[in-house]
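> the following comprises the amino acid sequence and a computationally predicted model.
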Amino acid sequence: MTLEILISTYNEGILKVPDIILPFNERIKWLVCFQYSDDSFIRQIPSELNNRADVTLVTFKGKGLSQNRNMAIAHATGDVLLLADDDARFKSVYFDKITQIFSEDPTLDVACFQALTHEGTSLHPYPNYSFDYKDTPKGYWYNSQEIAFRKSSRLPLFDTRFGINSPKLGCGEEEVFLWQAHEQGLSVRYFPEVIVETDATTSRYQFYTDKRMQRAKGAVLCIMHGPSGAFLRCLKLAIVHALKHNPISLLWHMTYGIIYIRL
């Protein structure tokens, strides 16, 4: 079984990629999906990325993390694929855990794991037990760098309306991806195993200061629960968090997300 790490990067982020890639391992492949806004960034590609047989470099002009993820998946050839950003750090033992879990369960399509910050603390609170997606604990959320999956034509694409550098919705692409995978009958399961170290700053923690994150919340809920169900949940969220944020402003931006995703 081969594991392929799909590193998404944008513009000057390409300079950080050589620090991510580990020494050669015949069971591990690396795919770097380099998205850029101007041709001048092509000249910044580190030479190390062109000198290894286990590294594939895909370049294209564009903008949007979800678009980048989809491009990487389209070019991937590994048996199991792991999403990664250009601030990720890995250890060989992390890859061993991933391949072991997929090898032990041939029916598993998508696996979600845990991440540490570069300081060694958990990226966010994690349950210490395994569960299926349908049994996700209330209040728990997933991060894209924690997700690995088998290469399959049955996988949904990442919704390009969501994610960093998308026009209106600044996050939520992983939530929609996992929900759609589950709805399509794929096996999605969480495992309490650390598989990556990453930056402590995630979009989740910007929710109260970034209207694009608030819009994304409403849009994600709309996809999962329909417009009426989403609005009621957004109304409850605005009331519950009234002490942290202006409830009228919060409700408006989340409602905007509902309207945007329905148009």
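Perfect, thanks for sending it.
> nearest spatial neighbour of residue 6, skipping sequence neighbours?
Closest residue in space to residue 6, ignoring its immediate chain neighbours: residue 72 at 4.0 Å, by C-beta to C-beta, 6 or more residues apart in numbering. Quick note: C-beta positions are derived from backbone N, CA and C, even for glycine.
> in the strand or helix carrying the one you found, what counts as buried?
In this structure, residue 72 is located in helix 65-75 according to DSSP states H and E. Within helix 65-75, the residues that qualify as buried are 65-73, counting by 16 or more other C-beta atoms under 10 Å.
> any idea which residue sits dead centre in this protein?
Closest to where the C-alpha atoms of the chain average out (C-alpha atoms, centre = their mean) is residue 144, at 1.9 Å.
> for the nearest residue to that one once chain neighbours are set aside, grab phi and psi.
What sits nearest to residue 144 in space, not counting adjacent residues and going by C-beta to C-beta, 6+ apart, is residue 174, at 4.1 Å. Torsion angles at residue 174 (phi, psi; degrees, to the nearest 10) stand at phi -70, psi -30.
> likewise for residue 112?
According to degrees, to the nearest 10, residue 112 has phi -120, psi 140.
> list the buried residues in the longest helix along the chain.
Longest helix of the chain, by residue count under DSSP state H: helix 211-240. By neighbour count on 16+ other C-beta under 10 Å, the buried set for helix 211-240 is 211-223, 230-231, 233-234, 237-238.
> sorry, back to before: of the buried residues of helix 65-75, closest to residue 154?
Among the buried residues of helix 65-75, residue 73 lies closest to residue 154 (C-beta to C-beta), at 12.2 Å.
> quick one: the closest one from residue 67, how far?
11 Å (C-beta to C-beta, to the nearest Å).
> cool, residue 185 as well?
26 Å.
> what's the distance between residue 257 and residue 142?
Distance, residue 257 to residue 142, using C-beta to C-beta: 18 Å.
> quick one on the thing from earlier: next up, the contacts around the residue nearest to residue 144.
142-144, 147 (C-beta atoms under 8 Å, 6 or more residues apart in numbering).
> helices or strands up against whichever strand in the chain runs longest?
In the chain, assigned by DSSP state E, the strand with the most residues is strand 188-198. Packing partners of strand 188-198 (3 or more C-beta pairs under 8 Å, 6 or more residues apart in numbering; DSSP states H and E): strand 80-85, helix 92-104, strand 110-117, strand 131-132, helix 173-183.
> how does it look with 6 Å?
Where contact means 3 or more C-beta pairs under 6 Å, 6 or more residues apart in numbering; DSSP states H and E, strand 188-198 is packed against helix 92-104, strand 110-117, helix 173-183.
> could you list the buried residues of the last one?
This means helix 173-183. Buried positions in helix 173-183, judged by neighbour count with 16+ other C-beta under 10 Å: 173-182.
> ok, now which ones touch residue 36?
11, 61 (C-beta atoms under 6 Å, 6 or more residues apart in numbering).
> how much space between it and residue 52?
Going from residue 36 to residue 52 by C-beta to C-beta gives 21 Å.
> now do the phi/psi pair for residue 141.
phi -130, psi 160.
> next one, pLDDT for it please.
pLDDT for residue 141: 91.
> what number of residues lie near it?
13 (other C-beta atoms under 10 Å).
> from residue 123, how far out is it?
10 Å.
> quick one: residue 238 and residue 245 touch, right?
No: between residue 238 and residue 245 there is no contact, the gap being 8.0 Å when judged by C-beta atoms under 6 Å.
> for burial, what's the neighbour tally of residue 248?
The number of residues packed around residue 248, counting by other C-beta under 10 Å, is 10.
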